[in-house]
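Asker: compute the structure for the input listed below.
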Amino acid sequence: MKKKCLAALSVLSLSILYCATTGIDEYSVQKKLNSRAESIKKNRNSVYELDNKTIGKNGYYYILRNSGRVSYHPKKALIDVDFSTFSFVKEILLKRNGCIMMQAEGVSRYIFYREIDENEILCLTIDKSEFKEAVINCN
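Answerer: Below you'll find the predicted structure:
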């Protein structure tokens, strides 16, 4: 009985360790966002690489213009759609760099955002459940 319990405990410990080390952390997200924004700033054609970039299982990038219209989104039907009336977009356009948490479709999500230039802001949306620890620097 002891051997079975120890074996089960060992498997459980490995599962917990695996889960703890496979989540996303705030620092790596900010680093990737900053790097991607700089890349787009230097070479506008690198925006097309965003189609193949995800963070975690469902994290995705999109770009907002100062008008609140989407200039890039992996769901192409959303390109040029005006989101300026949404409160989270108003906050992004006002602050230009930062992070906010919001609810969408019953899921808590973080939106990390960074100014590309004076006309556009790169955003990265990731489900809260994908983070291995609390995001501290987010409103």
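Asker: distance check, residue 90 against residue 57.
Answerer: 28 Å (CB to CB, to the nearest Å). Just so you know, the C-beta spots here come from the backbone N, C-alpha and C atoms, and that holds for glycine as well.
Asker: which residues touch residue 121?
Answerer: The contact partners of residue 121, by CB atoms under 8 Å, 6 or more residues apart in numbering, come to 63, 64, 92, 93, 96, 113, 114, 115.
Asker: am I right that the third one sits in a helix?
Answerer: In other words, residue 92. Yes. Judged by DSSP: H, G, I helix; E, B strand; the rest coil, residue 92 forms part of a helix.
Asker: pretty sure it is touching residue 113, no?
Answerer: Yes. Assessed by CB atoms under 8 Å, residue 92 is found in contact with residue 113 at 5.0 Å.
Asker: which one's more surrounded, these two?
Answerer: residue 113 (26 against 22; other CB atoms under 10 Å).
Asker: tell me the secondary structure for residue 110?
Answerer: Applying three-state DSSP: residue 110 is strand.
Asker: isn't it right up against residue 129?
Answerer: No. In this structure residue 110 lies outside contact range of residue 129 using CB under 8 Å: 10.4 Å.
Asker: who has more neighbours, those two?
Answerer: Taking other CB under 10 Å, residue 110 and residue 129 do not tie; residue 110 has more neighbours (21 against 13).
Asker: for residue 66, see how far away the more buried one is.
Answerer: Distance from residue 110 to residue 66, by CB to CB: 22 Å.
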